[in-house]
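S.K.: Here is a sequence with its predicted model. Questions after.
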Amino acid sequence: MRYSFPELIISTLSSQLRDGERVFTGVASPVQMMATFLAKATHAPNLLYFTILGTVDPQPFRLPYSTGSPHLFDRCANAITFPEIFDLANRGRMDVAFLGGVQIDKFGSLNMSVIGNDFSRPKVRLPGGAGGPLMIRSFKRVISWRSRHSQRCLVEQLPFTTSPGWISDLKGQRHGGPDVLVTDLCVFKFSRTTKHFHLESIHPEIDLDTVKSQTGFLFRTPRRQAITREPSENELEILRRYIDPNNIRDDLLGSPKVIQ
């Protein structure tokens with residue numbers, strides 16, 4: 001079937017989630033929210049979804065633009081406080097966190113603090129990590145998403161590390177850490193052996209040279225180049241008819257290009 005780039009990204013993020021997992025999305029994460037709803041409606045019906053508002057398994061009457069919308073209280077199974085989510089994570093009872101970074105390095109570390117070498121006088125002051133530094137070590141898996149793949153975003157060395165990836169074992173005090181990085185060009189998978197990202201797959205109509213030229217760190221590639229799985233007919237029907245009938249996905253990702 002014909003599908004759009006936003007539909008490919010949502011399907012790809014959804015495919016990373018597993019049945020029975022406890023999944024958390026934070027602020028400004030509507031794409032990840034749609035991916036989670038899609039996973040629950042397809043291959044992961046027993047997934048337990050926690051929102052930034054503390055609602056558990058919401059069923060909004062209409063998809064909100066914001067992950068902080070009161071519509072996420074619609075038909076939710078339960079509601080807990082944000083500190084309770086951290087408490088569950090610290091006890092090893094949270095599986096997946098979607099965490100973003102303005103900059104990401106090959107170790108899976110995230111920068112959400114400053115751009116520039118002088119912390120006191122940065123070129124750009126960013127919003128900070130909020131709960132990210134704790135989540136990246138207390139959740140069993142961290143999935144990151146970057147809407148723009150470039151050498152400025154995927155860097156060899158961060159000017160400031162807000163949320164530490166596998167640059168150290170933090171004295172062994174980890175339940176998990178970085179697992180997957182999805183961008184608008186490809187999917188990176190994190191290796192717990194090498195402590196680096198390696199290339200998992202390239203999106204349709206993207207070539208390896210483009211990925212290499214737009215990435216600021218070196219990465220391993222598979223012997224046989226893999227192409228990211230396309231959305232299934234069932235996924236597309238559920239996404240278009242039930243999850244996002246108003247096509248918010250194109251407004252968010254800004255690339256309604258159709259892929260054959």
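M.R.: Cool, the structure landed.
S.K.: those helices in the stretch 51-200 of the chain, which residues are they?
M.R.: 82-90, 132-138 (DSSP state H, counting those that start in this stretch).
S.K.: Highest mean neighbour count across these, which stretch is it?
M.R.: helix 132-138 (a mean of 21; mean count of other CB atoms under 10 Å). Every residue, glycine included, has its C-beta placed from N, CA and C.
S.K.: Can you show me the strands along the stretch 1-150 of the chain?
M.R.: 3-4, 22-25, 48-50, 55-56, 78-79, 96-98, 103-105, 110-111, 114-115, 124-125, 141-146 (DSSP state E, counting those that start in this stretch).
S.K.: What of the stretch 151-260 of the chain?
M.R.: Under DSSP E, counting those that start in this stretch, the stretch 151-260 of the chain gives strands at 154-155, 177-183, 186-190, 197-202, 258-259.
S.K.: between these, which one is nearest to Leu134?
M.R.: Evaluated over the strands of the stretch 151-260 of the chain, closeness to Leu134 peaks at strand 177-183, with 12.0 Å, by CB to CB.
S.K.: can you give me the offset of that closest one from its chain's centre?
M.R.: 7 Å (CA atoms, centre = their mean, to the nearest Å).
S.K.: In TSV, list the strands of the stretch 151-260 of the chain along with distance to Pro133 and mean pLDDT.
M.R.: Listed next are the strands of the stretch 151-260 of the chain as TSV, based on distance: least, CB to CB, whole Å; pLDDT from 0 to 100:
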stretch	distance to Pro133	mean pLDDT
strand 154-155	19	96
strand 177-183	12	94
strand 186-190	17	97
strand 197-202	19	97
strand 258-259	37	60
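S.K.: can you put those strands in TSV and add mean neighbour count?
M.R.: Output for those, formatted as TSV (neighbours: other CB atoms under 10 Å):
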stretch	mean neighbour count
strand 154-155	22
strand 177-183	24
strand 186-190	23
strand 197-202	19
strand 258-259	12
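S.K.: Mind checking the ones you listed for the one nearest to Ala35?
M.R.: strand 177-183 (9.3 Å).
S.K.: That closest one pairs with which strands, and in what direction?
M.R.: Strand pairing for strand 177-183, determined by DSSP bridges: strand 141-146 (parallel), strand 186-190 (antiparallel).
S.K.: Could you pull up the residues touching Leu8?
M.R.: By CB atoms under 8 Å, 6 or more residues apart in numbering, Leu8 lies in contact with His203, Pro204, Thr228, Glu230, Pro231, Ile259.
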